[in-house]
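Student: generate a structure from the sequence data that follows.
(chains A and B)
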2 protein chains.
Amino acid sequence: MRRPDGTHAAVGDDAGWVVLDEADAQTLASSPRWRTRAEAALRHPARTEIAPDAFENPVPRPGKILCCGLNYREHILETGRAVPEFPTLFAKFADTLTGPTDDIAVRGAPKLDWEAELAVVVGAEIRRADSETARSAILGYTVANDVSLRDWQQRTLQWLQGKAFDATTPIGPWVVTADELDPRDGLRIRCAVNDQVMQEGDTADLVFDAADLLAYVSQFTVLRPGDLVLTGTPGGVALGMPDPRWLRDGDVLTTTIDGIGALRNVIRVAA
Amino acid sequence: MRRPDGTHAAVGDDAGWVVLDEADAQTLASSPRWRTRAEAALRHPARTEIAPDAFENPVPRPGKILCCGLNYREHILETGRAVPEFPTLFAKFADTLTGPTDDIAVRGAPKLDWEAELAVVVGAEIRRADSETARSAILGYTVANDVSLRDWQQRTLQWLQGKAFDATTPIGPWVVTADELDPRDGLRIRCAVNDQVMQEGDTADLVFDAADLLAYVSQFTVLRPGDLVLTGTPGGVALGMPDPRWLRDGDVLTTTIDGIGALRNVIRVAA
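Tutor: Okay, the predicted model is just below:
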């Protein structure tokens, strides 16, 4: 969260928030003793109220961000495709991320689209992990929107350039630790533009779940605390419409996962 | 370069090398006064001999690595494709890199292929730069081989997973600064497996040259000192052969750009 003296990590429970000295959740979670420290903080009864717009991206400097395409079973089947054998993966940069209430600013007249996604935060180093080891390396879950510039994405075969515009992927508002919930049990995920719900899905419908994806990625590269894996988006993106309704200047993009939280970002399109 | 007390940056001219305190060329070049410092070091007549296998990756921690596919005009035309309007871009991670004489170790029986490439090292921060500004932000040039696991690359539409195995992209052995040479003038680039030359091209044949690529990338994301852009590979990869000759355990992969230097890496394939 943001305060006049800079940003701070905060830990919370049903009673409210306790603000810590660390700059953000990623810094806190990079310490091997983060859980002891968080639990100790929550044993004190005092709580701080944090205004919704004071939350920042809790994971601001991931060393790696991997994103999965085509991962909601229902959406894959409705588009007539077969359920894939392997996850389709691409990368983003730390610079691609922005905060849970920040404006998303782009220039020109891009085909700007939404993609509500469950994001997995890595909590322990893994390499060539099986699914069980990968699951135990999950710090927790947060909400992301893989906002995409479809015109750039479709210029070539590789999607990266439409997915890696600086400060276009909002993330947050906090990380719910893996002991609190399991997306396999089914969390409703939604994306709304202004007041209209555009996407609605269920994380139980993921072909490759959080642990599957971490295990798969770890076959080729090491994952470390603070790394992020975005798990793909359900049906309902503008790209899939016969007459796409691209995001416009002033649109309010709301991305929600029940049991985790919500992002609220205003779109700014400059000439 | 590697010494018993750790790694060091070194600056060189026709007379030989001067070893500095900084850990590597990236650290040196991240200081705004690197040029003054390098020039001062080279005014002293004393030189150090550095054994070929003591050179390490000079840019070990790039914040971003972007790679261009399909960029040698002759190769594009011979495959029957049209010259592209936009560069095809994908990413690698800092963990993907390895040193100029390190073994490249993989497991299983991958379709392991070579891709000799000119790599551009960013020397100054740029965002939304034109080609001229981008050119002035080039620190220099080095040699890379975008060694690719084609079976993983071809599992899905996105190439990343076949291009991002840890420690499979050798880079080095040093950075030739941009005042010393211009790849537009034509540098011969070659890849040999054992003693057989497999690829041979000319950097004057690039569709998108170094400055074009930096300028293009900077339209969507900031580039900073130490970031890398790999410019694509000429014809002659195994993938293009009717009966591909994949890399095997014990193969010696030599990647050379005239006027820059050479990488020599032994392939290790474990069960």
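Student: make it CA atoms for all contacts and neighbour counts henceforth
Tutor: Will do.
Student: separation between the closest residue to A:Arg245 other than its chain neighbours and A:Arg81?
Tutor: Closest residue in space to A:Arg245, ignoring its immediate chain neighbours: A:Ala238 at 5.6 Å, by C-alpha to C-alpha, 6 or more residues apart in numbering or on different chains. Note on A:Ala238: its distance to A:Arg81, by C-alpha to C-alpha, to the nearest Å, is 18 Å.
Student: show me what contacts A:Phe208?
Tutor: A:Asn71, A:Pro87, A:Thr231 (C-alpha atoms under 8 Å, 6 or more residues apart in numbering or on different chains).
Student: TSV for the residues you listed, including secondary structure and neighbour count?
Tutor: TSV is the format used below for these (DSSP: H, G, I helix; E, B strand; the rest coil; neighbours: other C-alpha atoms under 10 Å in any protein chain shown):
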residue	secondary structure	neighbour count
A:Asn71	coil	23
A:Pro87	coil	25
A:Thr231	coil	28
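Student: what's downstream of the least confident helix or strand in chain A by mean pLDDT, the next helix or strand?
Tutor: The helix or strand of chain A with the poorest confidence is helix A:73-78; it has a mean of 84 (mean pLDDT, DSSP states H and E). Sequence-wise, the next helix or strand downstream of helix A:73-78 (DSSP states H and E) is strand A:88-92.
Student: for A:Arg248, give me the pLDDT.
Tutor: At A:Arg248, the model reports a pLDDT of 96.
Student: which elements pack onto whatever helix or strand A:Arg264 lives in?
Tutor: For A:Arg264, the host element (DSSP H and E) is strand A:261-270. Where contact means 3 or more C-alpha pairs under 8 Å, 6 or more residues apart in numbering or on different chains; DSSP states H and E, strand A:261-270 is packed against strand A:104-107, strand A:138-145, strand A:169-177, strand A:252-257.
Student: one more time with 10 Å
Tutor: strand A:104-107, strand A:138-145, strand A:169-177, strand A:188-193, strand A:252-257 (3 or more C-alpha pairs under 10 Å, 6 or more residues apart in numbering or on different chains; DSSP states H and E).
Student: do you know which of the ones you listed lies nearest B:Lys92?
Tutor: Smallest distance to B:Lys92 across the helices and strands packed on strand A:261-270 (C-alpha to C-alpha): 19.2 Å, for strand A:169-177.
Student: centre of the chain to that closest one, how far?
Tutor: Offset of strand A:169-177 from its chain centre (C-alpha atoms, centre = their mean, to the nearest Å): 6 Å.
Student: adjacent strands (with direction) for it?
Tutor: strand A:97-98 (parallel), strand A:138-145 (antiparallel) (DSSP bridges).
Student: same list (those) but as TSV, adding mean pLDDT and mean neighbour count.
Tutor: Output for those, formatted as TSV (pLDDT from 0 to 100; neighbours: other C-alpha atoms under 10 Å in any protein chain shown):
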stretch	mean pLDDT	mean neighbour count
strand A:97-98	98	25
strand A:138-145	98	26
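Student: just to revisit the earlier point, so the residue nearest to A:Arg245 makes contact with A:Lys111?
Tutor: Yes: taking contacts as C-alpha atoms under 10 Å, A:Ala238 lies within contact range of A:Lys111: 9.0 Å.
Student: name the residues contacting each of the two.
Tutor: By C-alpha atoms under 10 Å, 6 or more residues apart in numbering or on different chains, A:Ala238 and A:Lys111 have these common neighbours: A:Arg150, A:Pro244, A:Arg245, A:Trp246, A:Leu247.
Student: and the last one, how far from chain B?
Tutor: If I follow you right, that is A:Leu247. 18 Å (C-alpha to the nearest C-alpha, to the nearest Å).
Student: now do the second one
Tutor: A:Pro244 sits at a distance of 23 Å from chain B (criterion: C-alpha to the nearest C-alpha).
Student: what sits opposite the residue nearest the centre of chain A in the beta ladder?
Tutor: Nearest to the mean C-alpha position of chain A, by C-alpha atoms, centre = their mean, lies A:Ala144 at 2.8 Å. In this entry, A:Ala144 is beta-bridged to A:Glu117, A:Ile171, by DSSP bridges.
Student: wait, which of the helices and strands packed on strand A:261-270 is closest to B:Arg107?
Tutor: Comparison of the helices and strands packed on strand A:261-270 against B:Arg107 by C-alpha to C-alpha identifies strand A:138-145 as nearest, at 25.7 Å.
Student: right, and the helix or strand after the closest one?
Tutor: Per DSSP H and E, the first helix or strand lying C-terminal to strand A:138-145 is strand A:148-149.
Student: can you pull out the residues in contact with that next one?
Tutor: For strand A:148-149, using C-alpha under 10 Å, 6+ apart, the contacting residues are A:106, A:109-115, A:159-165, A:168-169, A:239, A:246-247.
Student: what subset of those residues is buried?
Tutor: Neighbour counting by 16 or more other C-alpha atoms under 10 Å in any protein chain shown classes A:106, A:110-115, A:159-165, A:168-169, A:239, A:246-247 among the contacts of strand A:148-149 as buried.
Student: where along the stretch 101-250 of chain A do the helices fall?
Tutor: With helices called from DSSP state H, counting those that start in this stretch, the stretch 101-250 of chain A shows them at A:131-136, A:150-153, A:160-163, A:210-218.
Student: among these, which is nearest chain B?
Tutor: Of all the helices of the stretch 101-250 of chain A, it is helix A:160-163 that lies closest to chain B, at 5.8 Å by C-alpha to the nearest C-alpha.
Student: then that closest one to CSV, C-alphas only?
Tutor: In CSV, the C-alpha atoms belonging to helix A:160-163 read as follows (Å, rounded to 0.1, in the frame of the first residue of the first chain):
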residue,chain,number,x,y,z
LEU,A,160,4.7,-10.5,-27.3
GLN,A,161,4.6,-7.0,-28.7
GLY,A,162,0.9,-6.7,-28.2
LYS,A,163,1.2,-8.0,-24.6
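Student: burial of the spatially closest residue to A:Asn194 that is not a sequence neighbour, as a residue count?
Tutor: Leaving out its chain neighbours, the residue that sits closest to A:Asn194 by C-alpha to C-alpha, 6+ apart is A:Val252, at 4.8 Å. By other C-alpha atoms under 10 Å in any protein chain shown, the residues close to A:Val252 number 19.
Student: go ahead and confirm A:Val252 touches A:Trp114.
Tutor: No: in this structure A:Val252 lies outside contact range of A:Trp114 using C-alpha under 10 Å: 11.2 Å.
Student: of A:Ala238 and A:Arg81, who's got more company?
Tutor: A:Ala238 (20 against 11).
Student: distance check, A:Phe55 against B:Asp202.
Tutor: In terms of C-alpha to C-alpha, A:Phe55 sits 51 Å off from B:Asp202.
Student: repeat that for A:Leu181.
Tutor: 56 Å.
Student: how about A:Ala262?
Tutor: 52 Å.
Student: quick one, which of the two is more surrounded?
Tutor: Remark: of A:Ala262 and B:Asp202, A:Ala262 carries more neighbours, 24 against 21, as counted by other C-alpha under 10 Å.
Student: doesn't A:Thr255 make contact with the more buried one?
Tutor: Yes: the pair A:Ala262 and A:Thr255 passes the contact test of C-alpha under 10 Å, sitting 5.4 Å apart.
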